[in-house]
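Asks: the sequence and its predicted three-dimensional model are supplied below.
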Amino acid sequence: MSDDTHLSESSDSSLLGSVPVAGMYKDWFLDYASYVILERAVPAIEDGLKPVQRRILHAMKEMDDGRFNKVANIIGQSMQYHPHGDASIGDAIVNMGQKDLLIETQGNWGDVRTGDGAAAARYIEARLSKFALDVVFNPQTTDWQLSYDGRKREPITLPVKFPLLLAQGVEGIAVGLSTKILPHNFRELIEASIELLRGNSPQVLPDFLTGGLADFSDYQEGLRGGKIKIRARIEEDANKTLLIKEIPFGTTTDSLIDSILKANDKGKIKIKKVVDNTAKDVEIQIQLVPGVSPDVTIDALYAFTDCEVSISPNACVIIEDKPIFLTVNQILKYNTKQTKELLRKELEIRKGELLEKLLFSSLEKIFIENRIYRDIEECTTWDAVLEAIDRGLDPYKPDFYRTIVQDDLVRLTEIKIKRISKFDTFKADELMKRLQDELKEVNYNLKHLTDYSIAYYQNLLDKYGKGRERKTEIRAFDTIQAAVVAANNAKLYVNRADGFVGFGLKKDEYICECSDLDDIIAIRRDGKLVVSKIQEKLFMGKDLVYVGVFRKNDERMTYNFIYLDGVSGRSMVKRFQVGGVTRDKEYDLTKGTKGSKLLYLTDNPNGEAEVVTVYLTQGAKARVKVFDFDFAEIEIKGRAAGGNILTRYPVRKIQFKMEGKSTLGGLNIYFDTSVGRLNTDSRGKQIGNFLGDDKILVCYKNGDYELTSFELTNRYDPTEVLLIQKFDPQKVIGAVYFDGSAKNFFVKRFLIETTTLNKRFNFITEHKQSYLKLVTTDAQAQVSVTYRKGKVEDQMDYDLEMLIDVKGWKALGNKLSANEVIELKLIESDQVIDMEAALSEEQEEEVSNEEEVSNEEEVSNEEPTADLPDDFEVGSTLTLTPKKGEDEQLGLF
């Protein structure tokens, strides 16, 4: 038989046991996916660690001698347990070191804020932190397994007595699965664990080392589908400069600056220069071009750059070798329960150790004091020795907590003669007393395990919580409309005859500046309205009469419109607002009849109603051929309304005569303290009804006041604002402030004398410890002063206007009290007692008293009354002030 035949038979026989490729792919893929999920990407819920992190910590514990070790050596030690190369181990060590919790670092470990990487492993050092040594390791409660090569033992999971997974956070991508658990605040996690042990249901929210502001309204406890928004902390500095002091989690100063420069290049924002001054603290300086609003620019930074980022959490952990999706509160509850169980195990182990120590101490004492060791002098065999000792212990065996075994007897034979000769009964009793006391304490803790667990957590908080306060401020964010805050990066042009609109028609008629995000509204001569997205060149219909930028949901923009109805020949007039529209759809502003056409049109951003002069044709039968019409005479309706009859006669022309006022009335402005923004949606506190040039007065805790417009794009930090209201130049400002240099409170009253908008003026002393305590514009407001004179506390209410006259805004004011002020409280006029009501109640009480004493001897019920001023009227507010000479007794002023 030829070799070819042998080869053929061999090939046929090998095919008989073959497996289809599809089957191999299915099995291998599942094995690989399971391996990556369990061994690489997803943490175990017990200790919150991925395998590489767990092996690093175990290796560092084996190396631990209290001193720093080179990271290169730690990597080498970890490779005995982790079979995936030094790069992954090194990256994991750096990642844990930068979180500043389990690993104490030395050297250049990089910076998560700037994105700078760590130095090479041979140049940096690390050791386990004291916190890690306290909460992560305990060989007695650790479950062990063999390492990948069978030479070493490694922990299956570490017995972590702390919600480490939530404290550090984790991110991992496996095969067909990912996890993203955000880091949470150290102190808040401990406090939440204590609340859980007390039977409450706390909620925990993420906290980031990079700080910033975060909106957790859609967090959904970290489940899939949730989302959080994180913003940089941006402050307005002097000279039209913005400062970024904190950056969003997941970004770096370099990536943030790149996103700002890209937005500027695209024309979304207008800035002059960006300077990175980051050193110990983050500081990115953004210099604005002249004429650009800082508030609008801040909104634009949030809308178009990485100053605002969205993160979608996805809490997935390994439980019993399976990936499970849980909420962060469920994870916290699991970890708290596990900590309590680990503490129970440690107490049980300690109890066993104490019982054994007590047992052997008792055996030793009996063995020496009763001279049992002399009974073994005559024994010739080992068994005889053990039997003699056991016989000597027989009378005491009922008192022992367990049966005496041979090992106990052997330990007694190993006691040295030197120890027997120097045995001190008193010291032995003292030792047993201490062991019994400790055993009693352990038993008490086992019976009160919840209280013991709470004390354990409280100890962690006291010992390691300092300096770990929340860095990320919890805020509610408002929705920023990109089209509203986008910088005008284009110019709008129109060719009315041909019907083209766009920012590329630079040879045609200029309309206004706009953004490439804007929508354009156009109204043609035939009365058709169209709204379209701005483009370089867009056809919107021939014979265009009006073109402008369309603002969606603008409730103030009103169009005054006169058109000729093609069927009846009447001239119709109407006022309308556009409202909601569909892009590129034509809307008829007339009745839609053939021959209808537009005669007159104006756009009025605040609902103004002008007066026009109407000229009829010479052939018109009307006796009055010229008359005026005031648009204020008709109501504002929808765009589909037919309108009112202006005239039945032919119109030659319509001419603008006189500007009118807004018919919409003032705009009710509200201040939402949760987001620090103005709105017209009745969210928050109403601060006034605004028209035209009205202004807003804002007073801040640092003693500044500021006048601003009522633009809805204005921003105010709600944590710094003490007063925000409509500005009235006639209203007197009353204020009480603390002077840091004099270490006392001062009171002052003044009028706003400045007119500059968006500029702060400080009206208290400039000492760094000075601050504004109370401020009001209420003319009848009082201040309640609680003060201490010697050891006596007292309280008095005073009218602000009685304390000081109106002076200039730069005046220091008068000292409020010569004594220690404990508390100050502002009493607004609506809180002051109504004198009429007080008098009525007093009169009713007198009548009641008179009825009770009727038919009896007349009794004088005269009570002391205050001297009322001659001009006092019932219904006004009366303030009792100390007479001359009384202030000295009170210790005030």
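Replies: Noted; the coordinates are in hand. Predicted model, so just to flag it, every value in this text is computed and none were measured. Numbering: from 1, shown residues only.

Asks: tell me the secondary structure at R575.
Replies: strand (DSSP: H, G, I helix; E, B strand; the rest coil).

Asks: what sits against it?
Replies: Taking C-beta atoms under 8 Å, 6 or more residues apart in numbering, we find R575 in contact with 558-561, 609, 631, 634-637. Every residue, glycine included, has its C-beta placed from N, CA and C.

Asks: quick one, phi/psi of the nearest residue to it once chain neighbours are set aside?
Replies: Distance criterion C-beta to C-beta, 6 or more residues apart in numbering; nearest residue to R575, sequence neighbours excluded, is I636 at 4.6 Å. The phi/psi pair for I636 (degrees, to the nearest 10) reads phi -90, psi 130.

Asks: where in the stretch 301-450 of the chain is pLDDT low?
Replies: Under the criterion pLDDT under 70, no range of the stretch 301-450 of the chain is flagged.

Asks: the chain too?
Replies: Low-confidence segments of the chain, defined by pLDDT under 70: 1-26, 29, 482-487, 829-893.

Asks: on contacts alone, who are the packing partners of the biggest helix by length in it?
Replies: For the chain, the helix with the greatest residue count under DSSP state H is helix 328-369. In terms of contacts (3 or more C-beta pairs under 8 Å, 6 or more residues apart in numbering; DSSP states H and E), helix 328-369 is packed against helix 164-168, helix 186-197, helix 382-393, helix 406-413, helix 425-447, helix 449-464.

Asks: tabulate those (a markdown table), appending distance to T617 and mean neighbour count.
Replies: Listed next are the helices and strands packed on helix 328-369 as a markdown table, based on distance: least, C-beta to C-beta, whole Å; neighbours: other C-beta atoms under 10 Å:
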| stretch | distance to T617 | mean neighbour count |
| --- | --- | --- |
| helix 164-168 | 82 | 24 |
| helix 186-197 | 80 | 22 |
| helix 382-393 | 135 | 16 |
| helix 406-413 | 127 | 14 |
| helix 425-447 | 105 | 13 |
| helix 449-464 | 90 | 17 |
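
Asks: could you find the closest non-adjacent residue to E469?
Replies: Sequence neighbours aside, R187 is the residue nearest to E469 in space, at 6.5 Å (criterion: C-beta to C-beta, 6+ apart).

Asks: need the contact list for the one you found.
Replies: R187 neighbours (C-beta under 8 Å, 6+ apart): 461, 465, 468-470.

Asks: gap between it and L128?
Replies: For R187, the distance to L128 (C-beta to C-beta, to the nearest Å) stands at 21 Å.

Asks: and T241, by the same measure?
Replies: Using C-beta to C-beta, we find T241 at a distance of 44 Å from L128.

Asks: what's the spacing between A779 and Q730?
Replies: Using C-beta to C-beta, A779 is found at 10 Å from Q730.

Asks: more crowded one of those two?
Replies: Set A779 next to Q730 and count neighbours by other C-beta atoms under 10 Å: A779 wins out with 14 against 7.

Asks: just the element for V736, please.
Replies: Secondary structure from DSSP states H and E places V736 in strand 733-739.

Asks: please pick the buried ones from the contacts of R187.
Replies: Buried residues within these, counting neighbours by 16 or more other C-beta atoms under 10 Å: 461, 465, 468.

Asks: residues near E235, how many?
Replies: If you count neighbours by other C-beta under 10 Å, E235 ends up with 14.

Asks: how about the contacts made by the most centrally placed residue in the chain?
Replies: When C-alpha atoms, centre = their mean is applied to the chain, the residue found nearest the centroid is I474 (1.9 Å). Shown in contact with I474 (C-beta under 8 Å, 6+ apart): 205, 214-216.

Asks: now for those residues: which two are most distant?
Replies: Pairwise distances across those peak at 10.4 Å for L205 and D215 (criterion: C-beta to C-beta).
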